[in-house]
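**Student:** Got a predicted structure plus its sequence, pasted below:
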Amino acid sequence: MAHYRINRISEEIRKEVSDIIRNAVKDPRIAELSSVVKTEVTGDLRYAKIYVSVLGDEVTGKSTLEGLKKAAGFIRRELGKRLDIRHTPELQFVLDRSIEYSIEISQKLNELNLGQENKDDI
C-alpha cells in the first residue's frame with residue numbers, strides 16, 4: 001500500500017479518535033486535558049498505535065490510559081462508523097511524554113537565560 005495513503009489514513013484516525021475521546025467517551029478516569037498526539041498505522045491497516053498526551057501527574061496519566069484501554073472497543077466501533085475503510089484497525093493506546101518533556105526543557109532554558117541576565121547585570 002502506498003506510504004502517502006497510510007499517512008492520510010493515520011491522520012484521519014488521529015482526528016476521529018480525538019473527537020470520539022473528547023465527545024463520546026464518558027469514562028471519569030480519562031483526564032480532561034488529554035490529547036491524541038500521533039497515530040501510527042501498520043501497512044495492512046490492522047493495528048493502530050495511538051499516542052496520548054496527558055497534562056498532569058503520573059497517576060492521572062495511568063488512570064487515563066487505563067480508561068482508554070477499557071474504552072478501546074467502543075472507540076473502535078465508533079471509528080468504524082465514521083471511516084470508510086474495509087477493516088477498522090485494532091487500537092493500542094500509548095502514553096506520550098513529549099509535551100511534558102518539552103515543557104521541562106523550556107523551563108530549564110528560561111532558568112539559564114535568567115542566570116545569564118543576572119551575570120550581565122553584575
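**Tutor:** That came in fine, so what should we check first?
**Student:** where do the helices sit along this structure?
**Tutor:** Using DSSP state H, the helices of the chain run over residues 3-23, 58-70, 72-82, 98-121.
**Student:** Format these as CSV; extra columns: mean pLDDT, distance to Ile30 and mean neighbour count.
**Tutor:** Every residue, glycine included, has its C-beta placed from N, CA and C. Below are these laid out as CSV (pLDDT from 0 to 100; distance: least, C-beta to C-beta, whole Å; neighbours: other C-beta atoms under 10 Å):
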stretch, mean pLDDT, distance to Ile30, mean neighbour count
helix 3-23, 93, 7, 16
helix 58-70, 93, 4, 16
helix 72-82, 95, 11, 15
helix 98-121, 82, 17, 10
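**Student:** between these, which gets nearest to Ser34?
**Tutor:** Nearest to Ser34 among the helices of the chain is helix 58-70; the distance by C-beta to C-beta comes to 5.3 Å.
**Student:** Tabulate the helices of the chain (a markdown table), appending distance to Arg29.
**Tutor:** Converted to a markdown table, the helices of the chain look like this (distance: least, C-beta to C-beta, whole Å):
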| stretch | distance to Arg29 |
| --- | --- |
| helix 3-23 | 12 |
| helix 58-70 | 3 |
| helix 72-82 | 13 |
| helix 98-121 | 19 |
